[in-house]
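Colleague: I'll drop the sequence and a predicted model, then ask my questions.
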Amino acid sequence: MNYLTKNLLQFSAALIICGLSSSHALAQDASEQTRKPVRVVIPDKRVDAAQPATIDTEKFELGAYVGMLSVADFNTNLVTGFSLTYHITRDWLAQVQMGQSTVSRATFEDIADANFLADGEYDFTYTTLSGGYRIAHGRSFLSTKGKYDSAIYLLAGVGNIEFAGNSAASGLLGLSYRVVPTDWMTINLDFKNHLFEREFLDTTSQTMNNELNIGVNVLF
């Protein structure tokens, strides 16, 4: 055996030994990997349905409101008041309201530069008893992340108004938009028309006095 042949045999033997060692190592790694448990994580795809706040067991609302009152032949001024509401059923409600506004001088008074009423007669006060019927119901989206139970009520009632030296029976017609942001509070936006017969400057006339207000109420 010559020198070249001997070297080739030695080199071939070395390659075979290295190949066997690598195969053994790979086999061990594969065996270890197969022995390790594989954990599969399955995400929870359930989406909880949103539950908007509603009026459930509560029957009464006690609240306060602020808005603007436009008095016939006079100006538009701030009005404030309190309300007590009783929910007879889901569709019907009864409501008592007491409101007050101090009316500013009319345009004709400014032109004449004279007051046609005594100081106390510029106070417009009313007490009303009205009923409401729910004509629409649904959800209001007041933000990008929330929806709230809401309803629109048609209002009608009677009351008493004191203004310009008069104390007279009155009628009321209106609409109330009501939202329930939580299970203990409601917010209302009301438009009302107070109708009553008023005697002023020796003239008796049927007047319409429009009111727009927003209120916050506590449920109990």
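Modeller: Alright, I've got the coordinates. Numbering: from 1, shown residues only.
Colleague: Where does the prediction get shaky in this protein?
Modeller: Scanning the chain with the threshold set as pLDDT under 70 gives 1-38, 43-56, 142.
Colleague: can you give me the helices in it?
Modeller: 3-35, 107-112 (DSSP state H).
Colleague: and residue 195, how many neighbours does it have?
Modeller: Using other C-beta atoms under 10 Å, residue 195 has 16 other residues around it. The C-beta positions use only the backbone N, C-alpha and C, and glycine is treated the same way.
Colleague: typo on my end, it should be residue 153
Modeller: Using other C-beta under 10 Å, residue 153 has 24 neighbouring residues.
Colleague: For it, which non-adjacent residue is closest in space?
Modeller: residue 132 (3.7 Å; C-beta to C-beta, 6 or more residues apart in numbering).
Colleague: What separation is there between the one you found and residue 76?
Modeller: Shown here: residue 132 relative to residue 76, a distance of 25 Å by C-beta to C-beta, to the nearest Å.
Colleague: Of these two, which one has the most company?
Modeller: Higher neighbour count among residue 132 and residue 76: residue 132, with 25 against 15, using other C-beta under 10 Å.
Colleague: Now for that one: which residues touch it?
Modeller: By C-beta atoms under 8 Å, 6 or more residues apart in numbering, the residues touching residue 132 are 92, 93, 94, 95, 153, 154, 155, 176.
Colleague: Show me the strands in this protein, by range?
Modeller: Counting by DSSP state E, one finds strands in the chain at the ranges 60-70, 76-87, 92-102, 123-140, 148-163, 166-182, 185-200, 203-219.
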